[in-house]
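A.B. asks: Okay, here's the prediction I keep looking at, along with the sequence it came from:
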Amino acid sequence: MKTLNIGIIGYKFMGKAHSNAWKKAPLFFEVPAQPVLKVACGRNESQLKAFAQKWHWEQTETDWKKVISRSDIDIIDIALPQHLHYEVAIAAAAAGKHIFCEKPMAMTALQAAEMLRVCTENKVTHYLNHNYRRVPAIALAKQMIEEGALGRIFHWRAAYQQDWIVDPEFPLSWQLQKETAQAGPQWDLNSHAVDLAHYLIGAIKTVSCLTTGFITERPLASEDSVGNLKATATGTGKGPVTVEDAALMMVQFENGAIGSFEASRFATGRKNKLSFEIYGSKGSLAFDLERMNELQYYNADDPPHARGFRTILATESVHPYISNWWPPGHIIGYEHSFIHAAADFLKAVAGQEPIAPNFHDGLQIMRVLEAGLLSAQNKQQVTIH
């Protein structure tokens with residue numbers, strides 16, 4: 001079997017998720033090429049070597065430019081914070097490397113457009129890892145919508161809620177600073193929700209948005225020897241939080257549907273709750289990532305005595321991706337969506353089928369997110385151009 005050598009840049013949360021995906025994809029899916037975990041790249045050499053040893057990356061490198069310049073690397077996996085995506089992606093595309101990139105795509109729509117342009121000019125495969133499209137229950141929702149199960153769609157409601165920064169003593173991490181994150185949950189969380197809205201409902205035409213902050217400054221941050229974030233050892237010194245803590249968007253889609261998005265990292269008790277509801281003329285769907293194997297479906301054509309939301313356990317072999325896994329009723333988890341993405345990406349690189357979301361989709365997401373911030377700043381509706 002043909003091999004494809006991967007260079008991963010970044011080794012923390014997403015580095016682990018991606019490494020697992022590359023290793024598992026050929027074990028459970030028929031892929032056209034064997035991914036080879038060739039080189040892992042990061043700034044902290046001791047942490048990087050521990051990561052590479054644990055996940056069986058063959059080599060390590062602390063200079064990402066050297067990874068990209070290697071003639072034996074076919075794929076660049078960008079598992080970095082978003083302020084680093086642009087420069088790495090541009091260089092990788094210019095070098096003819098295929099790109100598997102974490103979200104959010106970039107810091108601005110201008111950066112996203114340039115990333116797309118360079119990838120297109122160099123004819124490389126590019127994928128933006130909004131992995132939730134590859135949750136079987138969500139892919140099933142897409143299938144049902146395309147089959148007409150919901151009829152004309154009227155409403156979209158989405159909420160992405162977490163609670164990991166409710167404590168005012170949580171340190172000032174990079175996610176809370178505009179220079180490294182660009183925005184708060186409007187970027188980090190709503191990028192996922194907007195991608196799903198584009199996937200399931202369609203393009204967004206107008207945006208009205210409200211953002212707010214709850215905690216204006218936090219303890220300065222440092223890392224322990226294994227990379228865990230903590231407050232500075234002295235316990236003194238604070239810095240300003242320069243991104244929003246919560247965002248609310250109202251939108252109108254080009255097809256006439258209306259929608260809402262809530263994104264917050266102050267939803268106490270919610271760890272990673274991405275939920276959506278879709279209401280149509282013939283039926284409705286509801287999903288909650290914290291119950292990711294389930295899809296709620298209401299069929300308006302049911303007889304009156306039997307109407308109500310039913311739970312579809314999306315673990316049957318006829319459901320998307322599931323035939324590669326376990327018998328019905330044996331649920332899968334968060335990490336499987338990354339494995340599905342890796343398998344689909346390998347097929348895309350081989351030219352077997354296109355992959356989405358790609359950088360074109362990512363650019364459309366960035367335009368919506370930027371419109372939301374502009375709307376919140378100017379306190380007026382913004383039209384997406």
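C.D. replies: Yep, it's here.

A.B. asks: quick one: the helices in this protein?
C.D. replies: 13-28, 45-55, 64-69, 85-94, 109-121, 136-146, 178-181, 185-188, 190-200, 334-349, 359-378 (DSSP state H).

A.B. asks: List just the one of the ones you listed that sits closest to K2.
C.D. replies: Nearest to K2 among the helices of the chain is helix 334-349; the distance by C-beta to C-beta comes to 9.9 Å. Placement of C-beta: from N, CA and C, glycine included.

A.B. asks: Can you name every helix or strand that the closest one contacts?
C.D. replies: Judged by 3 or more C-beta pairs under 8 Å, 6 or more residues apart in numbering; DSSP states H and E, helix 334-349 is in contact with helix 13-28, strand 33-41, strand 98-101, strand 126-128.

A.B. asks: Send over the longest one as CSV, restricted to the C-alpha atoms.
C.D. replies: So the one you mean is helix 13-28. Only the C-alpha atoms of helix 13-28 are listed here, as CSV (Å, rounded to 0.1, in the frame of the first residue of the first chain):
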residue,chain,number,x,y,z
PHE,A,13,-4.9,18.5,23.1
MET,A,14,-5.4,18.4,19.4
GLY,A,15,-2.0,16.8,18.8
LYS,A,16,-3.2,13.8,20.8
ALA,A,17,-6.6,13.7,19.1
HIS,A,18,-5.0,13.9,15.6
SER,A,19,-2.3,11.3,16.4
ASN,A,20,-5.0,8.8,17.6
ALA,A,21,-7.0,9.5,14.4
TRP,A,22,-4.1,8.8,12.1
LYS,A,23,-3.2,5.6,13.9
LYS,A,24,-6.8,4.3,14.0
ALA,A,25,-8.1,5.3,10.6
PRO,A,26,-6.5,2.5,8.5
LEU,A,27,-7.4,-0.1,11.2
PHE,A,28,-11.2,0.5,10.8
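
A.B. asks: so what's the residue nearest to S275 when sequence neighbours are not counted up against?
C.D. replies: Excluding the flanking residues, the one nearest S275 by C-beta to C-beta, 6 or more residues apart in numbering is D288, at 4.4 Å. Counting by C-beta atoms under 8 Å, 6 or more residues apart in numbering, D288 makes contact with K273, L274, S275, E294.

A.B. asks: Domain-wise, how is the chain divided?
C.D. replies: What automatic domain parsing lists as the domains of the chain is 2-132, 136-291+293-330+357-383.

A.B. asks: Okay, now the first one: how far is its last residue from its first?
C.D. replies: End-to-end distance for domain 2-132: 28 Å, by C-alpha to C-alpha, to the nearest Å.

A.B. asks: could the helices of the chain go into a markdown table alongside mean pLDDT?
C.D. replies: A markdown table is the format used below for the helices of the chain (pLDDT from 0 to 100):
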| stretch | mean pLDDT |
| --- | --- |
| helix 13-28 | 98 |
| helix 45-55 | 98 |
| helix 64-69 | 98 |
| helix 85-94 | 98 |
| helix 109-121 | 98 |
| helix 136-146 | 98 |
| helix 178-181 | 97 |
| helix 185-188 | 98 |
| helix 190-200 | 98 |
| helix 334-349 | 98 |
| helix 359-378 | 98 |
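
A.B. asks: on that earlier part again, let me know the pLDDT of the residue nearest to S275.
C.D. replies: Looking at D288, its pLDDT reads 98.

A.B. asks: ok, back up a step: for S337, which of the domains of the chain is the nearest?
C.D. replies: Closest approach to S337 among these is made by domain 2-132 (4.1 Å; C-beta to C-beta).

A.B. asks: distance between the closest one and the chain's centre?
C.D. replies: 15 Å (C-alpha atoms, centre = their mean, to the nearest Å).

A.B. asks: hang on, the earlier thing: burial-wise, tell me which of the domains of the chain comes out on top.
C.D. replies: Comparing the domains of the chain by mean neighbour count (mean count of other C-beta atoms under 10 Å), domain 2-132 comes out on top with a mean of 20.

A.B. asks: For F170, which of the helices and strands packed on helix 334-349 is the nearest?
C.D. replies: helix 13-28 (16.2 Å).

A.B. asks: State the pLDDT value of the residue of the chain positioned farthest from its centre.
C.D. replies: Relative to the centre of the chain, and counting by C-alpha atoms, centre = their mean, the farthest-placed residue is H305 at 40.5 Å. Looking at H305, its pLDDT stands at 95.

A.B. asks: again with D224
C.D. replies: On the pLDDT scale, D224 gets 60.

A.B. asks: and what of T236?
C.D. replies: Looking at T236, its pLDDT is 65.

A.B. asks: What's the local residue count around H336?
C.D. replies: 24 (other C-beta atoms under 10 Å).
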